Structures are given as structure tokens and as C-alpha cells.
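Student: prediction below, plus the sequence it came from.
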Amino acid sequence: MVFRQRFLTCVVSLCVITNASAGTVWPKPKAVQHPETAELLTFAPKFSFKQTGVISEILSKALDRYSAMIFGIGGKANITGTDDGDTYTVQRLGISGVETSRASAEMAKHSDHLLLYSLAISVKSNDETLGPKMDEAYSLEILAPTAFLKANSVFGSLRGLETFSQLTEDCGSWYCVRETGIQDAPRFPFRGVLLDSARDYL
């Protein structure tokens, strides 16, 4: 009974903590810089994710998931990548045709909004071995017309994609994000959970 009460208390507390408003990041990154005159950037109808440098299958699959998370399932958005001079383009989930035309009409009324055309993702290392020494640091710079996500490993780029998705807001008939600069890395080399069996019997 006591364990059940403690467990429910933890769950409720976690729900309260994670109930962050749109456009905020949780957990809080190491360093966040907002320009003095941070603009609200509107996603262009043909917004795309671009992989530069090392091309990773893990990252490509993650872009599928995050494109659907950010823009909703059932649409189309471009994901392009370059590797040693070779370029490929693949249709992915993203903004649907109906949403695109509606967004274009709305953006015509709000011409003062700056457009964000792409997120360029640069990964330096092709090492996809996940372990305590994996470098999960990343930097994210969101400025028009192109945002840049840089990481030493593919897992750092995944952390940056999660941050980018949390910064994205649904602004009615279109999606938008504020100009931001973020530097982030794990505080500790590994994560863990301690269960005190002397107090809580499972």
C-alpha cells in the first residue's frame, strides 16, 4: 500500500513537471541563447530536413518519426542527404497538400513572418556504437532561412531533433518556431535508476 502511494505520487509529480508549454524544452538544455529581437519563423510549405556529412540509417528513420510528430501523419516533406558528393531525395511524412495551400494563403497575409526552409543536420562520426563514452552533445541554431543541427555522433543528432520538435509550435494554420541558439550535452556520462530494496519491496 505504501509503495503504491509513493508510486502514484511519483507519476503525478512527473506529469506536472513534464507539462511544459509549447515552444519550451524539457529537460532544460545546458545553454540557451535567444537573440534580443528573436523573430517568429514560419515553416515554409516546402520545408525539408537535410543530412550533410555522414549519412545514417538511424537518423533517416528518426527523421521519419519526427516529421510525423512535428507536422502530423499523412503529408509530404522532403528529406535530402549528401554523402561524398552523391545526393538523394526521398519523400517523407510532413505537411500535407491541403495544409500547404492553407499555410501559403495565411503566410501571404503575414508577409512580415520570416520563413524557415530547412534544417541542415551535420553528423561528424559514423560510429553508431551506443555506450557510456558516446558523445551525445549537439548544437542547434535556428535562424532564417536555414536552421543548423551539428553533432559529433548520430545519437547527439537525435537529442537535437527532440529539442527541435519541442521548440516547434502549432500557430493555427501553419507551424512556427522562434529564433534560438542551444548548446547541450548530458550532465553525466550514463544514466541509471536506483531502487532501494531495503525500503521498497517489489
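Tutor: Structure's in. What do you need?

Student: what about the helices in this protein?
Tutor: 2-17, 57-71, 97-109, 154-167 (DSSP state H).

Student: name the helix or strand of this structure that has the lowest mean pLDDT.
Tutor: Here the helix or strand of the chain ranked lowest by mean pLDDT, DSSP states H and E is strand 86-92, holding a mean of 33.

Student: just checking, Ile142 touches Glu39?
Tutor: No: with contact defined as Cβ atoms under 8 Å, Ile142 does not reach Glu39; the gap is 9.8 Å. All C-beta atoms are positioned from the backbone trio N, CA, C, and that covers glycine.

Student: which neighbours do the two share?
Tutor: Listed as contacting both Ile142 and Glu39 by Cβ atoms under 8 Å, 6 or more residues apart in numbering are 178-179.

Student: neighbour-wise, which of the two wins?
Tutor: Ile142 (24 against 17; other Cβ atoms under 10 Å).

Student: wait, Leu149 sits on Ala137?
Tutor: No: Leu149 lies out of contact with Ala137 (Cβ under 8 Å); the separation is 11.8 Å.

Student: okay, the angle between the lengthiest strand in the chain and helix 57-71?
Tutor: Under DSSP state E, the strand in the chain containing the largest number of residues is strand 40-53. Counting by axes from the mean of the first three to the mean of the last three Cα atoms, to 10 degrees, strand 40-53 lies at 170 degrees to helix 57-71.

Student: can we start the residue count at 543 from this point?
Tutor: Sure, I'll start numbering at 543, so the last one becomes strand 582-595.

Student: pull out the buried residues from strand 582-595.
Tutor: Neighbour-count burial for strand 582-595 flags 583-587, 589-595 (criterion: 16 or more other Cβ atoms under 10 Å).

Student: ok, stretch 663-675 next?
Tutor: 663-665, 667.
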